[in-house]
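J.: Sequence first, then the predicted structure, then my questions.
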Amino acid sequence: SLTIYVEDLNEKTLFAARHIYNLKLGSSLRSIDPKIFVSLSRQLHHLDLSDISISQMKSDSRCHLNKYRYS
């Protein structure tokens, strides 16, 4: 398991996370590169979003995150 506190989640952030199966994103997250969801869907068994402050995220990243969560 790994908890990451980053403002911007992108492919470079998770480059070393190939063998991480449980990931928790922290409250400081503000933006997400939509390409990251391809990587996340391949490698993760569990993605914990409970600490994320959706209202503090950039609107486009919020949309990408919701699309990922509900697809």
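T.: Perfect, I can see it now. Residues are numbered from 1 along each chain as shown.

J.: Show me where the chain has its strands.
T.: In the chain, the segments counted as strands under DSSP state E are 2-4, 8-9, 22-25, 31-32, 46-48.

J.: Please go through this protein and pick out the longest helix.
T.: For the chain, the longest helix by residue count, based on DSSP state H, is helix 59-69.

J.: With mean neighbour count and mean pLDDT added, can I get the strands of the chain in a markdown table?
T.: For the C-beta atoms, the positions are set from N, CA and C on the backbone; glycine is no exception. Converted to a markdown table, the strands of the chain look like this (neighbours: other C-beta atoms under 10 Å; pLDDT from 0 to 100):
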| stretch | mean neighbour count | mean pLDDT |
| --- | --- | --- |
| strand 2-4 | 13 | 79 |
| strand 8-9 | 18 | 88 |
| strand 22-25 | 17 | 87 |
| strand 31-32 | 20 | 94 |
| strand 46-48 | 12 | 88 |
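
J.: Distance to S59 added to those, as CSV?
T.: Output for these, formatted as CSV (distance: least, C-beta to C-beta, whole Å):
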stretch, distance to S59
strand 2-4, 22
strand 8-9, 15
strand 22-25, 18
strand 31-32, 10
strand 46-48, 21
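
J.: So which residues make contact with stretch 27-47?
T.: 5-11, 13-14, 17-25, 51-53, 56-58, 60-61, 64-65, 68 (C-beta atoms under 8 Å, 6 or more residues apart in numbering).

J.: can you rerun that using 7 Å?
T.: With C-beta atoms under 7 Å, 6 or more residues apart in numbering as the test, stretch 27-47 has contacts from 5-11, 14, 18, 21-23, 51-53, 56-58, 61, 64-65, 68.
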